[in-house]
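Asks: With the input below, show me the fold.
(one chain, ligands or ions: 1)
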Amino acid sequence: MEALPEPPAAPWTGLGEDYRDGKIITGSTPHRLILFSFDDGPDRRTTPLLLDRLDAEGIKALFFLVAERLGDDTPRLRQQSSIAQEIVRRGHLVGNHTVNHVQLPLLDTEAAMAEVLGAQRAFEQTFGARPWLIRPPFGAHSQRIDQNLAARDYTIVLWNLGAGDHQVRSAQEVFDVWLKVMQRREREEGDRGGIILLHDTYAWSVDAFQRIVAHLRARNCELLEQGEELYDFVDDLSFFFEAREDASAEATAEPAMLAPGVLAERQARLRELTAQHCRSIPTL
Ligand SMILES: [Zn+2]
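Replies: Residues are numbered from 1 along each chain as shown. Model (predicted):
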């Protein structure tokens, strides 16, 4: 039986330790910040292609892994565990998505924490370190669950830009739903960006990722012409993260704001790259 590669002696980065014990992250932001998150993997049929596409686009993402997909009992589990390691090796962040993908508030506390801590043990086995980020399946949480997660220094990461990719069967449909959600969030909440939720377990979602990126890069060509803020694919969670300190377990982080200097610097660099990119697209 082929064993998993040994976890490295020093814990890997990518487990989110910099973002431990934070207020609940909602993804809300008035800026055109875009952060992709992918749930329910790793999946050996779809995740490797997504990793290549993320590399090709130069985008880092969050992956919330289901622990029943990890382990070393079968060839499939060993393969998926090595894909999980590859996610971190390529510079993405991983977080806890429970063992069996259950709605935590429906369980008693002991059973709910068995789901969380069981997944934590699977992460320790796979990565040599525990995760600090968690996304409760279905986004379902409660005061009781929040308190128990906060006691273990977890930061809950939700999303504000869903795409209904579990309900449809094509990349075009995922893209259409995502665009409608994004436009509605802007109209109703003033969010011009945020955290996108897709599932790396569906081929159509891996394709939808590319459509969303292509759309936003094309939008940037128009926004550049108009002198507007451009869409900015962020590398990590820091803009959305707020330490909990003395706040309660249910406290939510403020919408992600950029300091004026940081915004100006990032946008200046983006404008340069976008100008090059848009010149390279032949006019129709
Ligand atoms: Zn999920």
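Asks: got the contact list for G193?
Replies: G193 is in contact with 29, 31-34, 231-232, counting by Cβ atoms under 8 Å, 6 or more residues apart in numbering. (C-beta placed from N, C-alpha, C; glycine too.)
Asks: For this structure, give the residue positioned nearest to the ion.
Replies: At 4.0 Å from the ion, D39 is the closest residue in the chain, using Cβ to the ion.
Asks: what sits against that residue?
Replies: Counting by Cβ under 8 Å, 6+ apart, D39 has contacts 63-64, 97, 135, 197-200.
Asks: and with 10 Å instead?
Replies: By Cβ atoms under 10 Å, 6 or more residues apart in numbering, the contact list for D39 reads 62-66, 95, 97, 101, 135, 137-139, 159, 165-166, 197-201, 205.
Asks: From these, which land in strands?
Replies: Judged by DSSP state E, the contacts of D39 include 62-65, 95, 197-199 as members of strands.
Asks: Please indicate which of the residues you listed has the highest neighbour count?
Replies: In terms of neighbour count, L65 stands highest of the ones in strands among the contacts of D39 at 31 neighbours, by other Cβ atoms under 10 Å.
Asks: Please go through the contacts of D39 and note which also touch the ion.
Replies: Subset of those in contact with the ion: P137, counting by Cβ under 5 Å from the ion.
Asks: Contact partners for the spatially most central residue of the chain?
Replies: The centre of the chain sits closest to S37, judged by Cα atoms, centre = their mean, with a distance of 2.2 Å. S37 is in contact with 27, 61-64, 92-93, 95, 133, 135, 157-159, 161, 195-200, 237, counting by Cβ under 10 Å, 6+ apart.
Asks: Apply 6 Å and report the result again.
Replies: The contact partners of S37, taken as Cβ atoms under 6 Å, 6 or more residues apart in numbering, are 62, 195, 197.
Asks: On the three-state scheme, it is what?
Replies: strand (DSSP: H, G, I helix; E, B strand; the rest coil).
Asks: Is the closest residue to it other than its chain neighbours bridged to anything, and to what?
Replies: In space, and not counting its chain neighbours, S37 is closest to L62: 4.1 Å by Cβ to Cβ, 6 or more residues apart in numbering. L62 has these beta-bridge partners by DSSP bridges: S37, L93.
Asks: just checking, L62 touches L93?
Replies: Yes - using Cβ atoms under 6 Å, L62 is in contact with L93, at 4.9 Å.
Asks: Give me the below-cutoff pLDDT ranges for the stretch 151-284 of the chain.
Replies: Along the stretch 151-284 of the chain, the parts satisfying pLDDT under 70 run over 281-284.
Asks: for the ion, what are the nearby residues on this structure?
Replies: Proximity of the chain to the ion, by Cβ under 5 Å from the ion, involves residues 39-40, 137.
Asks: can we see that at 8 Å?
Replies: 39-40, 64, 66, 97, 101, 135, 137-138, 199 (Cβ under 8 Å from the ion).
Asks: Can you select the buried ones among those residues for me in ChimeraX?
Replies: Filtering those down to the buried ones (16 or more other Cβ atoms under 10 Å) takes a single ChimeraX command:
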select :39,40,64,66,97,101,135,137,199
